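Enquirer: One predicted model, sequence on top.
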There are 2 protein chains.
Amino acid sequence: MKSEKLTNLSELGEFGLIDTLTKDIKYKQKSTIKGIGDDAAVLQGRPKFHSLVSTDLLIEGVHFDLTYTPLKHLGYKAAIVNFSDMAAMNGKPKQIVVGLGISAKYTLEALEELYEGIRMACHLYNVDFVGGDTTSSKAGLFISVTVIGEVEKPQITYRSGASEGDLICVTGDLGGAYIGLLVLEREKRVFQANPNMQPELSGNDYVIQRQLKPEARVDIVDLLKENDILPTSMIDISDGLASETMHLCKNSNLGCMLYEEKIPIDQQTFDLAREFKIVPTVAALNGGEEYELLFTIKQSDYEKIQKLADVTVIGYMTEPENGKRIITGDNLAIDLKAQGWDGLKSRDIDSALNG
Amino acid sequence: MKSEKLTNLSELGEFGLIDTLTKDIKYKQKSTIKGIGDDAAVLQGRPKFHSLVSTDLLIEGVHFDLTYTPLKHLGYKAAIVNFSDMAAMNGKPKQIVVGLGISAKYTLEALEELYEGIRMACHLYNVDFVGGDTTSSKAGLFISVTVIGEVEKPQITYRSGASEGDLICVTGDLGGAYIGLLVLEREKRVFQANPNMQPELSGNDYVIQRQLKPEARVDIVDLLKENDILPTSMIDISDGLASETMHLCKNSNLGCMLYEEKIPIDQQTFDLAREFKIVPTVAALNGGEEYELLFTIKQSDYEKIQKLADVTVIGYMTEPENGKRIITGDNLAIDLKAQGWDGLKSRDIDSALNG
């Protein structure tokens, strides 16, 4: 039997820890002049490109639950969340810096898992891991990721660029990440009630993957460019379709009309939502952490967008006086309400699981 | 009597909070194309400049103690720490993004204090506050700051550029931030033992300011350029003079010879160190959070550097075989030891205050 020795972080010290965690890191981007190992990373912008910067903080007990989140997945997701912000500007991630606050309970091996997830995301998305800060925390794990990206100047897409009549499009399918969270929470409660029970996760792979290992739609940035479509406005869906649509409306000073029946929902998401007694489109409208892209295009691009299998037109932008509305399956026009992802998580997980 | 209403954060929600905190933010840098309000900040690099990126995480109970750290000072220091990293590359800070994790105990007014400190630092150093992430935490306050800066390509200074015989220089004076921390810890203990006692901080203003409101030596970057001095290697002193000197040696693959009697120490630091029964140069060698710059220059720049009142030559780089050594006041050459700032804080504050 192989004995696994776990390494206490205090044996290594901060510099030893950083050396160990970063020893295999390689750089692929030409714009990375100097990565880890000095007071700052050194980058080189390109004249025809804008640089993009975005930051996210993930906190144990708020953004993730280590009971069912493997550390490798957590590292992967922490990176993806930020890559998605670059796609939402119609750009691409190029470098990240990572701040880690870790309590004494973590071993070197646990942190290596976390780093492995970050490195895997960087490898798949061609992003260089160029710096960071590692420190102790009194309690819990804190991950701060800042991503630097770039976008060709004429391609940059803000939230504010939509015009009246522009078509509202969404990538992939929605609601899965929320339903995946409900499955994980249900199994956690079963396990807490009876630790001898095995979690029943099989058959629910798609929604669990949507929650634990989401992807950033950087591929869509290429796809739109190849098909000569320049979105007029764009945002990524981290806080629910309803909330993000309202952001585009607010920033572009417009109203909108969505069609409930057009919202793309995967069959597994749909079936499980019914099992949890949730209207599937409610999960799609309010479930966050999808990292799909929501964007608007000119009506003249309708034929081009129709050819793209992974993009669905779900409505259109209106004059602001129309308000922000959705046509339900019963053909009623009602006001769009954004309950928001944090609200949904805290209030409704209990009722979905107990109801 | 004016009644002060404190605003609970849950009344505002995340978007309301961000709107409130960021409403007065203005941008001064030409390179800031778009700041707060989209999925990412949009920046424009300049062809003859490198971009610099650095990140730091500050955690309550580890990096700061809110018993004696006003939130405005904390915000100021969180920004300064990062600006200092830009100076350490011989560059200047241009933009920052800030991640905040906050527990329910904080009011809007408390966060406004924190932001006010960050804004004040940005104003004084001409830095644009271009983005962030605000989220709840289960316990305590977490601040993650990422700074973006720039440096003219020929001016960039790494830790690794020193040569044998180069002179080792330091800015300002050292040890004050550590002695300031001891004063604050002493008064905290007096207060804890007897809450009716008033803290005795007067007369210790200089060392307290060194601890609570340090500055980043971006002025030195200009001063060196005006005097036509290009440092061969540089680092900022966040972890103690001994530790940072050893970093320059390691990165440049050299040894060093320091002179204890040359280390600049302020009179108030000196007197208080004696009061705490600490050898003043020990505070200077191991006390961190100074944010002074440590750099090397060619011997041929000696006359130029002598004219600069705020820079002291404290030794020189040697061949690696010499080791890393310091000539003591008794004229003995001993090995330089880096106990490091975190170690010094946790082990020695107790002994200094009880001894």
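Expert: Yep, that arrived.

Enquirer: ok, now which ones touch the residue in chain A that chain B sits nearest to?
Expert: Nearest residue of chain A to chain B, counting by Cβ to the nearest Cβ: A:Gly45, 2.5 Å away. Quick note: C-beta positions are derived from backbone N, CA and C, even for glycine. Going by Cβ atoms under 8 Å, 6 or more residues apart in numbering or on different chains, A:Gly45 touches A:Ser31, A:Ser51, A:Glu150, B:Leu43, B:Gln44, B:Gly45, B:Arg46, B:Ser51.

Enquirer: and A:Thr69, what are its phi and psi?
Expert: In terms of degrees, to the nearest 10, the main-chain angles of A:Thr69 are phi -110, psi 110.

Enquirer: A:Glu112 and A:Thr22 touch, don't they?
Expert: No: contact criterion Cβ atoms under 8 Å: A:Glu112 and A:Thr22 do not qualify, at 11.0 Å.

Enquirer: Give me the below-cutoff pLDDT ranges for chain A.
Expert: A:1-5, A:10-15, A:199-200, A:340-350, A:352, A:354-355 (pLDDT under 70).

Enquirer: Inside strands: which ones of the contacts of A:Gly45?
Expert: The strands, defined by DSSP state E, take in A:Ser51, A:Glu150, B:Leu43, B:Ser51 from those.

Enquirer: From those residues, pick the one nearest A:Thr157.
Expert: Checking the ones in strands among the contacts of A:Gly45 against A:Thr157 by Cβ to Cβ gives A:Glu150 as the nearest, at 13.5 Å.

Enquirer: beta partners of the closest one?
Expert: In this structure, A:Glu150 bridges to A:Ser51, A:Lys92 when assessed by DSSP bridges.

Enquirer: Could you report the distance from it to B:Val42?
Expert: A:Glu150 sits at a distance of 10 Å from B:Val42 (criterion: Cβ to Cβ, to the nearest Å).

Enquirer: which neighbours do these two share?
Expert: By Cβ under 8 Å, 6+ apart, A:Glu150 and B:Val42 have these common neighbours: A:His50, A:Ser51, A:Leu52.

Enquirer: Hmm, the last one is touching A:Ala88, no?
Expert: No: taking contact to mean Cβ under 8 Å, the distance of 9.5 Å between A:Leu52 and A:Ala88 leaves them out of contact.

Enquirer: any residues in contact with both of these two?
Expert: Applying Cβ under 8 Å, 6+ apart, one finds that A:Leu52 and A:Ala88 are jointly contacted by B:Ala40.

Enquirer: picking up where we left off before, what two of the ones in strands among the contacts of A:Gly45 are the furthest from one another?
Expert: Farthest pair in these, by Cβ to Cβ: A:Glu150 and B:Ser51, 10.7 Å.

Enquirer: Find the residues that touch each one of these two.
Expert: Listed contacts common to A:Glu150 and B:Ser51 are A:Gly45, A:Ser51; contacts here mean Cβ under 8 Å, 6+ apart.

Enquirer: can you list the domains in chain A?
Expert: A:9-153, A:167-354 (automatic domain parsing).

Enquirer: Out of those, indicate the one that is most buried.
Expert: domain A:9-153 (a mean of 21; mean count of other Cβ atoms under 10 Å in any protein chain shown).

Enquirer: That one: end-to-end distance?
Expert: 45 Å (Cα to Cα, to the nearest Å).

Enquirer: so how far is that domain off the chain centroid?
Expert: 15 Å (Cα atoms, centre = their mean, to the nearest Å).

Enquirer: hmm, back to that, so which of the domains of chain A gets nearest B:Glu303?
Expert: Of these, nearest to B:Glu303 by Cβ to Cβ is domain A:9-153, at 27.7 Å.

Enquirer: separation between the residue of chain A closest to chain B and B:Val147?
Expert: A:Gly45 is 16 Å from B:Val147, where distance means Cβ to Cβ.

Enquirer: Repeat that for A:Asp239.
Expert: 27 Å.

Enquirer: go on, A:Arg159?
Expert: Counting by Cβ to Cβ, the gap from A:Arg159 to B:Val147 is 25 Å.

Enquirer: repeat for A:Gly165
Expert: With Cβ to Cβ as the criterion, A:Gly165 and B:Val147 are 42 Å apart.

Enquirer: where exactly do the strands run in the stretch 251-355 of chain A?
Expert: For the stretch 251-355 of chain A, strands defined by DSSP state E, counting those that start in this stretch occupy the ranges A:255-259, A:293-297, A:311-318, A:324-327, A:333-335.

Enquirer: I'd like these written out as JSON lines, with distance to A:Asp133 added.
Expert: Conversion of the strands of the stretch 251-355 of chain A to JSON lines gives the following (distance: least, Cβ to Cβ, whole Å):
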{"stretch": "strand A:255-259", "distance to A:Asp133": "41"}
{"stretch": "strand A:293-297", "distance to A:Asp133": "30"}
{"stretch": "strand A:311-318", "distance to A:Asp133": "39"}
{"stretch": "strand A:324-327", "distance to A:Asp133": "41"}
{"stretch": "strand A:333-335", "distance to A:Asp133": "45"}
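
Enquirer: nearest to A:Leu100, of those strands?
Expert: strand A:293-297 (28.5 Å).

Enquirer: Tell me if I'm right that A:Ile208 and A:Glu185 touch.
Expert: No: judged on Cβ under 8 Å, A:Ile208 makes no contact with A:Glu185 at a distance of 11.4 Å.

Enquirer: Hmm, A:Tyr115 is touching A:Leu21, no?
Expert: Yes: taking contacts as Cβ under 8 Å, A:Tyr115 lies within contact range of A:Leu21: 5.0 Å.

Enquirer: which one is A:Gly45 nearest to, not counting chain neighbours?
Expert: Here the nearest residue to A:Gly45 in space, its sequence neighbours aside, is B:Gly45; by Cβ to Cβ, 6 or more residues apart in numbering or on different chains that works out to 2.5 Å.

Enquirer: Can you show me the strands along the stretch 101-250 of chain A?
Expert: Under DSSP E, counting those that start in this stretch, the stretch 101-250 of chain A gives strands at A:128-136, A:142-152, A:167-171, A:233-236.

Enquirer: A:Ser233 bridge partners, please.
Expert: A:Thr296.

Enquirer: residues touching it, list them.
Expert: A:Thr157, A:Tyr158, A:Arg159, A:Ser160, A:Gly161, A:Ala162, A:Asp166, A:Leu248, A:Asn251, A:Ser252, A:Phe295, A:Thr296.

Enquirer: Tell me how many other residues surround the fourth one.
Expert: So that's A:Ser160. Applying other Cβ atoms under 10 Å in any protein chain shown, we find 17 residues neighbouring A:Ser160.
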